[in-house]
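> Here's a sequence, model it:
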Amino acid sequence: MSSIETRHNAATDTLSYRVCFRHRGKQMKPTFATEAAAVKWKSVLDTIGADAALILLEAPETPTTTPTVAKLIDHHIEHLTGADEGTLARYRRIQTQHLRPWFEKIPADRLTRDDVSRWVLEARLLSGEAPAPKTLRNWHSLLSDALSSAVERGTLPANVAKGIKLPRMDADAGEDMVFLTRDEFDLLHAETPERWRPLVLLLALTGIRFGEATALTAGAFDRATNSARIHTAWKQSGKQGAPKSRRSRRTVAVPEAVFEALEPLLDGKRPDDLVFLSPRGLRVRSGNFYNGVWGALADRVEPKIGKRPRVHDLRHTFASWAIQAGIPLPVIQRQLGHESITTTVDTYGHLARSDFDPLLHLGASLTRPAQIGA
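Predicted coordinates:
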């Protein structure tokens, strides 16, 4: 908790103002010439914490024609092409909540790698808790992309955020994902309200994303080739748009069991009709589906299987089953719509025992250590 202390200089008959607070065990009292300046900085301190506020306090006050880091990020977001409204809204949220409070007053040409590293280390001050590694990477990516754009325009000589060491994601990946066994999924599927069983089965046996599945039209399915075309998806804005990436526009394999489950839903529909609809005949929204269906379903199955799967874990479950079946990772990559095989390997490579097991037999023909020199 901070406070403002007024000081009187008898020699000059002037007042100064000190913001008093404790930081890392030390009493700090930066001094300001005016009460307004002290009040303003105290507000910043109480909002974003001492580390971030001290960065702003220590930023040079000499004139510069270079815009602040925050303004460069604003410019980057405003001039993005090919991004849908949902993505832009997410970027603006990251900027407002996690970047602007730190970088609003720092001239971009005076930003250093130490500043960025300090922000990475202290980002928890802005979020209230330590962000997940993937979340922090998303925040850093927006900052780095904005600086790279400024370099391309000639505004900056270099991107000081590029190459900054970030927390590893692989340590948390296994904890975040829930993989269901066949028996566990069968129990989940049996507990699912009948109306939603075809959707749950489709998600688990194809690995497509929820926003892709609920945007499917009857004409996207081809029973003759047991496939479906993924060419659109629901966005955060509530509008339909292109899937997540270029490779997300794809044709996926659809098992016969899924077609049998979908048959009543496809019957009589026109090619452009949505396959999945809410009880009110509207498109299926992820929030409504969770609140009305999935939350209660997870509550019922968790005591029985000892896991609490999310809807997205059906995609992870599909990948684990495909790997167990010996399907090559590049094939799984195409089915999931990952832009790069690296994403597939990084996310699911630890499950590929078929690739790992042959390594265990490399020493089978070697002479036993005890026989060496005999």
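> Need the mean per-residue confidence for the longest strand along the chain.
The longest strand of the chain (DSSP state E) is strand 14-23. Average pLDDT, strand 14-23: 89.
> Identify the residues contacting it?
Contact partners of strand 14-23, identified using C-beta atoms under 8 Å, 6 or more residues apart in numbering, comprise 1-9, 27-35, 37-38, 41-42, 45, 50-51, 54. Where you see a C-beta, it was placed from the backbone N, CA and C, and this is true even at glycine.
> are any of the residues you listed buried, and which?
Among those, those buried by neighbour count (16 or more other C-beta atoms under 10 Å) are Ser2, Met28, Pro30, Phe32, Ala38, Trp41, Lys42, Leu45, Ala50, Asp51, Leu54.
> ok, the residues you listed vs Glu104, which is closest?
Checking the buried ones among the contacts of strand 14-23 against Glu104 by C-beta to C-beta gives Trp41 as the nearest, at 12.7 Å.
> Does the closest one lie in a helix or a strand, and which?
helix 35-48 (DSSP states H and E).
> which parts of stretch 327-347 are buried?
Leu329, Ile332, Gln333, Arg334, Gln335, Leu336, Gly337, His338, Thr344, Val345, Thr347.
> Please tabulate the residues you listed in CSV, including the columns distance to Ala132, secondary structure and pLDDT.
Shown next, in CSV, are the buried residues of stretch 327-347 (distance: C-beta to C-beta, whole Å; DSSP: H, G, I helix; E, B strand; the rest coil; pLDDT from 0 to 100):
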residue, distance to Ala132, secondary structure, pLDDT
Leu329, 25, helix, 87
Ile332, 24, helix, 92
Gln333, 24, helix, 91
Arg334, 28, helix, 93
Gln335, 26, helix, 95
Leu336, 21, helix, 93
Gly337, 23, coil, 91
His338, 20, coil, 87
Thr344, 20, helix, 79
Val345, 20, helix, 75
Thr347, 15, helix, 76
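> all strands of the stretch 101-250 of the chain, in order?
Ranges of strands within the stretch 101-250 of the chain are 221-222, 227-230, 233-234, 240-241, 250-253, based on DSSP state E, counting those that start in this stretch.
> hang on, Pro157 packs against Val151?
Yes - here Pro157 reaches Val151: they are 7.2 Å apart, a contact under C-beta atoms under 8 Å.
> Which one's more surrounded, those two?
Val151 (13 against 9; other C-beta atoms under 10 Å).
> Measure how buried the closest residue to the more buried one other than its chain neighbours is and give me the count.
Excluding the flanking residues, the one nearest Val151 by C-beta to C-beta, 6 or more residues apart in numbering is Asn159, at 5.4 Å. If you count neighbours by other C-beta under 10 Å, Asn159 ends up with 21.
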